[in-house]
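1. I'd like to go over a predicted model; first the sequence, then the structure.
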Amino acid sequence: MSTTLFGAGKLWPAFTAVDDRIRGGKSTSHWTVDPDSNVGTFSGDLDITALGGAGFASQSTIFSPSRLSLSPSSTAGLLLTFVPSSPSPSASSAKPNPPSRFVLLLKNDEPARRPDGRRESVIVYEYAFDAHEYAAELYSCSEDEKEGVDEEKEVGRRSVTVLARWSDFKPHYRGKPAPDAKPLDPSSIYELSFMARSNFGEQAGPFSLDVVSISVLNKSQSKGWFRTACEAVRSAWARCLALVCGWWAGRGGADGAVRLP
């Protein structure tokens, strides 16, 4: 069972751009919400010319003063539902590919501010996914299957949901893995972001990702097999004891008392 946090029937929080322009780059990003479908769109242009092959564009929302608190004991991770764009023709090896790899980022710590207003670096927990990996399957149906399906139904049918378990969010510091960092604490999330980055010139250009919703996956409350077996044994023993009591009382046991060896 899951609980919707944002999107679908819930409002989206406000997002702000955090692009490589803070480092002299030219990438841009936007976050818009369709008023009819409540689908949020992360879009922009990923530039790799200004920073010598590097580049990133991101949209971020901050949970302050109250953190987003999701119990790690009762939740398993985040469910991200999005609509992959149709696969594009393979790009030439001499050019970067159109952006299709995105990152969902979470932060526990609030970054300190430098005198110039820029934020200090903190540990970031990243979950990376490639939207085109899912698009290849979704758009592989035959032409007969596509007939009679209008665009609105097509989009709804072609949304996919991926599970990002808490352990899937890997710690990074300044873009590099930080294996010695403490694990993500889902009970104290300060910031959530979507990011597109060049991966050192591997992808660049316009991008767009339609996000239907973000939900939290609740852990199953079902009992373990051992506990279930113990309860079954106790229940069976109670029934047997009741039968013995009834039999003994029916034979006129002393004052109705039950004596067992």
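-> Good, I have the coordinates.

2. What are the structural domain limits within the protein?
-> Taking automatic domain parsing as the reference, the chain has its domains at 2-218, 225-256.

3. Centre of the chain to the longest one, how far?
-> Taking C-alpha atoms, centre = their mean, to the nearest Å, one finds domain 2-218 lying 9 Å from the centre of the chain it belongs to.

4. mind checking the end-to-end distance for it?
-> End-to-end distance of domain 2-218 (C-alpha to C-alpha, to the nearest Å): 5 Å.

5. try stretch 36-47
-> Per C-alpha to C-alpha, the first residue of stretch 36-47 is 31 Å away from its last.

6. quick one: buried residues of it?
-> Neighbour-count burial for stretch 36-47 flags N38, V39, G40, T41, F42, S43, G44, D45, L46, D47 (criterion: 16 or more other C-beta atoms under 10 Å). C-beta: built from backbone N, CA, C; applies to glycine.

7. so who does the third one touch?
-> Taking C-beta atoms under 8 Å, 6 or more residues apart in numbering as the criterion, G40 is in contact with F6, G7, W12, F15, W31, T32, V33, D34, D210, V211.

8. Please apply the same query to the fourth one.
-> Contacts were defined as C-beta under 8 Å, 6+ apart; by that measure T41 touches H30, W31, T32, V33, D34, S208, L209, D210, V211.

9. so which strand or helix has it?
-> Element membership of T41 [criterion: DSSP states H and E] is strand 40-46.

10. Parallel or antiparallel, which strands does that strand pair with?
-> Note on strand 40-46: by DSSP bridges, its sheet partners are strand 28-33 (antiparallel), strand 205-218 (antiparallel).

11. per-residue pLDDT, G175?
-> pLDDT for G175: 88.

12. For it, grab phi and psi.
-> Main-chain dihedrals, G175, degrees, to the nearest 10: phi 80, psi 0.

13. Could you list the low-pLDDT ranges of the stretch 151-261 of the chain?
-> 151-157, 221-261 (pLDDT under 70).
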